[in-house]
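A.B. asks: all I have is the shape, not the residue letters:
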């Protein structure tokens with residue numbers, strides 16, 4: 001990237017790490033050559049992405065699932081399911097790898113659910 005294109009990129013601030021924010025970041029980065037057009041920064045309070053859709057496990061309570069908000073994705077959320085399929089396609093996983101295995105591998109899931117030490121109390 002040339003120095004002139006770096007200075008002419010549009011700066012985009014995405015506030016929050018919820019579903020809408022992550023969808024915005026995903027959609028912007030699907031455009032060919034987006035790195036030359038945009039400088040994208042996501043600002044999230046805390047360490048966990050997901051907004052009201054975030055969940056995790058509490059190792060002090062036998063790995064009990066803790067919900068941050070209501071998780072209801074009925075069949076009429078066409079755009080939500082479309083974006084999930086597009087995200088999966090962007091991972092370029094082989095067709096033999098189910099989406100659950102591709103996104104929620106045991107090691108990855110454990111790391112996501114463990115807050116950094118500075119956020120534990």
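C.D. replies: Alright, I've got the coordinates. These figures come from a predicted structure and were not determined experimentally.
A.B. asks: now do the buried residues in the top helix by length along the chain.
C.D. replies: The single longest helix within the chain, with elements called by DSSP state H, is helix 78-90. Judged by neighbour count (16 or more other Cβ atoms under 10 Å), helix 78-90 contains these buried residues: 83, 87. Every C-beta, even on glycine, is put in place using the N, C-alpha and C of the backbone.
A.B. asks: and the helices in this protein, which stretches?
C.D. replies: 3-8, 19-28, 34-37, 78-90, 99-103, 106-113.
A.B. asks: looking at these, which has the lowest confidence?
C.D. replies: For these, mean pLDDT drops lowest on helix 106-113, to a mean of 46.
A.B. asks: and residue 19, what does it touch?
C.D. replies: Applying Cβ atoms under 8 Å, 6 or more residues apart in numbering to residue 19 gives the contacts 50, 51, 52, 53, 80.
A.B. asks: again, but for residue 90
C.D. replies: Contacts of residue 90 by Cβ under 8 Å, 6+ apart are 26, 30.
A.B. asks: burial measure for residue 22, as a count.
C.D. replies: 20 (other Cβ atoms under 10 Å).
A.B. asks: give me the nearest residue to it, chain neighbours excluded.
C.D. replies: Distances taken as Cβ to Cβ, 6 or more residues apart in numbering place residue 49 nearest to residue 22, at 6.4 Å, with adjacent residues excluded.
A.B. asks: can you check residue 41 too?
C.D. replies: Nearest one to residue 41, counting by Cβ to Cβ, 6+ apart, is residue 13 at 5.6 Å.
A.B. asks: so for that neighbour, what's the pLDDT?
C.D. replies: pLDDT, read off for residue 13, is 97.
A.B. asks: correct me if wrong: it contacts residue 44.
C.D. replies: No. In terms of Cβ atoms under 8 Å, residue 13 does not count as a neighbour of residue 44; the distance is 11.5 Å.
A.B. asks: name the residue in those two with the higher neighbour count.
C.D. replies: A direct count of neighbours by other Cβ under 10 Å for residue 13 and residue 44 places residue 44 higher, at 16 against 9.
A.B. asks: tell me the contacts of the nearest residue to residue 31 once chain neighbours are set aside?
C.D. replies: Using Cβ to Cβ, 6+ apart and skipping the chain neighbours, the partner closest in space to residue 31 is residue 37 (7.3 Å). Contact analysis of residue 37 by Cβ under 8 Å, 6+ apart lists 9, 10, 31.
A.B. asks: please consider this matter closed, and thank you.
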